[in-house]
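K.L.:
Predicted model and sequence follow; I will ask about them next.
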Amino acid sequence: MTPLNMPEWQSLVRHYSDLKYLSMREQFVLDSDRAEHFSLKSGDLFLDYSKNRVTKETMEKLLSLAKAVELPNWIERMFTGQEINNTEGRAVLHIALRNRSNTPIMVDGKDVMLDVNRVLAQMKDFSDKVHSGEWLGFSGKKIVDIVNIGIGGSDLGPAMICDALEPYGIEGINVHFVSNVDGTDLSTTLEKLNPETTLFVVASKTFTTQETLTNAQSARTWFLKAGQQHDVAKHFVAVSTNAKAVSEFGIDTNNMFEIWDWVGGRYSLWSAIGLPIALYVGFDNFARLLDGGHEMDNHFRTQPLEQNMPVIMGLLGVWYINFFGTQTHAIVPYDHSLSRFPSHMQQLDMESNGKVTNRQGQRLSYKTGPVIWGTPGTNGQHAYFQLIHQGTQLIPVDFVLPVNSHYPEYDHQSILLANGLAQSEALMKGKTAEEVRAELVSEGFEGKELEALLPHKVFPGNRPSNTLIFPKLTPELLGQLVALYEHKVFVQGTVWNINSFDQWGVELGKQLAKAILPDLQSNDEISVHDSSTTHLIKMIRALRN
Ligand code: F6P
């Protein structure tokens, strides 16, 4: 089933050719209430999507497409635990991890909430014990430093949340994230730490990931320079689906926090993969994060499509990717504590929707997931915004703006917000040749000098953006925000008829790395590769000291 053949898609094709030059500036003049007509709220989160190249008719057509691909049915299939991850034969239940209403969710005849609640209780108990000092290091000292060892979904999500919730951090607890197998990551982290007061959380859904196991082994070697083998239990805990591998590694399975195969790595920060979050900000704040995620889940499941924030954002993305031909999408948080938010979103979106095969295994003839990128504002303004304003590509932007800062003492917030709003206004309005001319004349330019400068100062404008505004970055709000993007990704995957919950595309590199490693570790005859790879292996052997 390809969406391309649907009458709703074809209608959008025709609509696009009528509308591709639609001027947002003119639309704002024609409809003085445009901002009200193209905005919506969910909890404390407000979305203004009026600065998009859409009319009421566009939105109606996009919503018809959503109905044609049976989006409401797919949403319900996810929430009721059906096997929508068809290539792995799994349910997709990150929503169960934050199901604060605790209604039963059945998988294979079992209510998964029993397991979810059991592990949440274990996380609370453990984090409380670490904070109270009931759980001590081997020499009787309190734990001060938490080191999460994991990669991808077992790193990025919790790392992003811990950064974002730094104002809620428990006094006396520091958190560190080691992910890269480059020894620099582990070394530069451990050189500052004391093994007597350090707790390692080895986080790996599969417990087979080369980078994580290598880092964990080296961390244990570092620890054993100070502690004894029997002290490892006080300093290493694991989060995984794989009790056997955890035990083989040497971590007591009593100190293991279970996750399940129905949690995708990039959707797992709500599970025990979030243990470093609970350790850093306390379990109550972790629970507030879950509350926020649950609030967005309720919104997504119950709101009509036209009032549904993830649906609207997802459909707008489809409009640009499949009709305007955009290839990337920038996410720019005007909040320094959300520095890692774009990276987490990058994994979430690109690992989910970077697919060229539909659910039925056929190769696609239309575009799917965009490249997601971004950094915090205002820094981005002084780096890549030039291209977004005047470059030859159309790049939709999401501006993420908290109204109030956790650090009000310096009174910078109005400047920060003014910059964010100015960027979206400038992208939409642009600056015409006439406006530039008037400006240059008022500055005293004339003649050839004015004519030479004028074209460089014109901004094409008509560049789309969404603005997400909220009162303050609380745990609840952050939960809502992350869940919003998770569901947006699902909406787009549903329109494109792809499985957003597998990630076969990461496997080939892993396989080849395993084959190359022995060639780098010995001087034996090199196994069969292409000539470029063989040549590079020879160079590495020659250069190695
Ligand atoms: O290689 C990608 C990936 O499979 C991600 O999906 C996952 O989050 C990450 O690796 C880490 O996997 P694990 O938690 O099993 O170590």
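P.N.:
Great, that's in hand. Numbers count the residues shown, from 1 in each chain.

K.L.:
Name the nearest residue to residue 340, ignoring sequence neighbours.
P.N.:
Leaving aside its sequence neighbours, residue 340 sits nearest to residue 160 (CB to CB, 6 or more residues apart in numbering; 3.9 Å). All C-beta spots, glycine's among them, are computed from the backbone N, C-alpha and C.

K.L.:
count of residues packed around that neighbour?
P.N.:
Neighbourhood size, residue 160 [other CB atoms under 10 Å]: 25.

K.L.:
any idea which element it lies in?
P.N.:
Assigned by DSSP states H and E, residue 160 belongs to helix 156-164.

K.L.:
What residues sit buried inside the helix or strand that that helix is followed by?
P.N.:
Downstream of helix 156-164, the next assigned helix or strand under DSSP H and E is strand 174-178. Residues of strand 174-178 classed as buried: 174-178 (neighbour count, 16 or more other CB atoms under 10 Å).

K.L.:
got it, and stretch 116-129?
P.N.:
For stretch 116-129, burial by neighbour count (16+ other CB under 10 Å) applies to 116, 119-120, 122-124, 126-127.

K.L.:
Next step: the residues you listed restricted to helices.
P.N.:
Taking DSSP state H, the ones among those that sit in helices are 116, 119-120, 122-124, 126-127.

K.L.:
before we move on, the earlier item: output the buried residues of stretch 116-129 in CSV; the columns should cover pLDDT and distance to the ligand.
P.N.:
As requested, those are exported to CSV (pLDDT from 0 to 100; distance: CB to the nearest ligand atom, whole Å):
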residue, pLDDT, distance to the ligand
116, 98, 18
119, 98, 16
120, 98, 19
122, 98, 19
123, 98, 17
124, 98, 22
126, 98, 19
127, 98, 20
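
K.L.:
which one of those is nearest residue 326?
P.N.:
For the buried residues of stretch 116-129, the minimum distance to residue 326 (CB to CB) is 38.0 Å, reached by residue 116.

K.L.:
avg pLDDT for the helix holding residue 160?
P.N.:
Averaging pLDDT along helix 156-164 gives 98.

K.L.:
Stretch 377-391 now?
P.N.:
Stretch 377-391 shows a mean pLDDT of 97 in the predicted model.

K.L.:
just stretch 188-197 next, same as before
P.N.:
Over the span of stretch 188-197, the pLDDT mean works out to 98.

K.L.:
same thing with stretch 172-180?
P.N.:
Here stretch 172-180 scores 98 as its mean pLDDT.

K.L.:
ditto for stretch 501-517
P.N.:
Mean pLDDT, computed over stretch 501-517, is 95.

K.L.:
what's next to it, contact-wise?
P.N.:
The contact list for stretch 501-517 (CB atoms under 8 Å, 6 or more residues apart in numbering) reads 84-85, 87-88, 90, 92, 210, 264-265, 267, 351-352, 354-355, 527, 529, 533, 537.

K.L.:
Of these, grab the buried ones for ChimeraX.
P.N.:
Burial among the contacts of stretch 501-517 is assessed by 16+ other CB under 10 Å; the matching ChimeraX selection reads:
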select :84,85,88,90,92,264,265,267,351,352,354,355,533,537
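
K.L.:
From the contacts of stretch 501-517, list the ones also adjacent to the ligand.
P.N.:
Of the residues in the contacts of stretch 501-517, proximity to the ligand by CB under 6 Å from any ligand atom holds for 265, 351.

K.L.:
residue contacts, residue 322?
P.N.:
Residue 322 touches 366-367, counting by CB under 8 Å, 6+ apart.

K.L.:
quick one: what helix or strand has residue 188 in it?
P.N.:
If you go by DSSP H and E, residue 188 is part of helix 183-190.

K.L.:
The helix holding residue 160 near the ligand at all?
P.N.:
No. Using CB under 6 Å from any ligand atom, we find that helix 156-164 stays clear of the ligand, coming within 8.1 Å at best.

K.L.:
That helix to strand 174-178, inter-axis angle?
P.N.:
150 degrees (axes from the mean of the first three to the mean of the last three CA atoms, to 10 degrees).

K.L.:
What are the contacting residues of helix 156-164?
P.N.:
148, 150, 169, 175, 177, 179, 203, 266, 268-269, 273-277, 280-281, 289, 335, 337-341, 343-344, 347, 473, 478, 482.

K.L.:
Around the ligand, pick out the residues from the stretch 301-450 of the chain.
P.N.:
residue 351.

K.L.:
Okay, now the unreliable bits of the stretch 301-450 of the chain?
P.N.:
Applying pLDDT under 70 to the stretch 301-450 of the chain picks out no residues at all.

K.L.:
As a check, name the ranges of all strands in it.
P.N.:
328-333, 371-373, 397-404 (DSSP state E, counting those that start in this stretch).

K.L.:
Over in the stretch 351-500 of the chain, which residue gets nearest the ligand? Let me know.
P.N.:
Of all residues in the stretch 351-500 of the chain, residue 351 sits closest to the ligand, at 5.8 Å by CB to the nearest ligand atom.

K.L.:
show me what contacts that residue?
P.N.:
Residue 351 is in contact with 152, 265-266, 503, 505-506, counting by CB under 8 Å, 6+ apart.

K.L.:
Only whichever of those are buried, select them in ChimeraX.
P.N.:
If you want just the buried ones from these in ChimeraX, going by 16+ other CB under 10 Å, the selection is:
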select :152,265,266,503
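
K.L.:
what's the closest of the buried residues of stretch 116-129 to residue 462?
P.N.:
Checking the buried residues of stretch 116-129 one by one against residue 462 (CB to CB), the nearest turns out to be residue 116, at 46.5 Å.

K.L.:
Could you list the residues of the stretch 101-250 of the chain in contact with the ligand?
P.N.:
Those residues of the stretch 101-250 of the chain that sit near the ligand, judged by CB under 6 Å from any ligand atom, are 151-154, 204-206, 209, 212.

K.L.:
now those: which count as buried?
P.N.:
151-154, 204-205, 209, 212.

K.L.:
Which members of the residues you listed occur in helices, if any?
P.N.:
Those of these mapping onto helices are residue 212, per DSSP H.

K.L.:
ok, so of the buried ones among the residues of the stretch 101-250 of the chain next to the ligand, who is nearest residue 46?
P.N.:
Nearest member of these to residue 46, counting by CB to CB, is residue 153, at 28.6 Å.

K.L.:
how close does that closest one get to residue 146?
P.N.:
Distance from residue 153 to residue 146, counting by CB to CB, to the nearest Å: 18 Å.

K.L.:
for residue 468, same thing?
P.N.:
30 Å.

K.L.:
One more: residue 430?
P.N.:
To residue 146, residue 430 is 48 Å away according to CB to CB.

K.L.:
Among these two, which residue is more densely surrounded?
P.N.:
Neighbour comparison, residue 430 and residue 146: the larger count goes to residue 146, with 24 against 19 (by other CB under 10 Å).

K.L.:
Sticking with the more buried one, tell me its helix or strand.
P.N.:
In this structure, residue 146 is located in strand 145-149 according to DSSP H and E.

K.L.:
and the angle for that strand with helix 156-164?
P.N.:
Going by the same axes, to 10 degrees, strand 145-149 makes 150 degrees with helix 156-164.

K.L.:
counting contacts, what elements does strand 145-149 pack onto?
P.N.:
strand 174-178, strand 198-203, helix 210-224, helix 275-281 (3 or more CB pairs under 8 Å, 6 or more residues apart in numbering; DSSP states H and E).

K.L.:
What about the contacts of stretch 501-517, which are in helices?
P.N.:
With DSSP H as the criterion, helices contain 210, 351-352, 533, 537 from among these.

K.L.:
ok, which pair from those residues is furthest apart?
P.N.:
352 and 537 (33.6 Å).

K.L.:
Now residue 104: closest residue in space, sequence neighbours ignored.
P.N.:
Using CB to CB, 6+ apart, the nearest residue to residue 104 is residue 111, at 4.2 Å.
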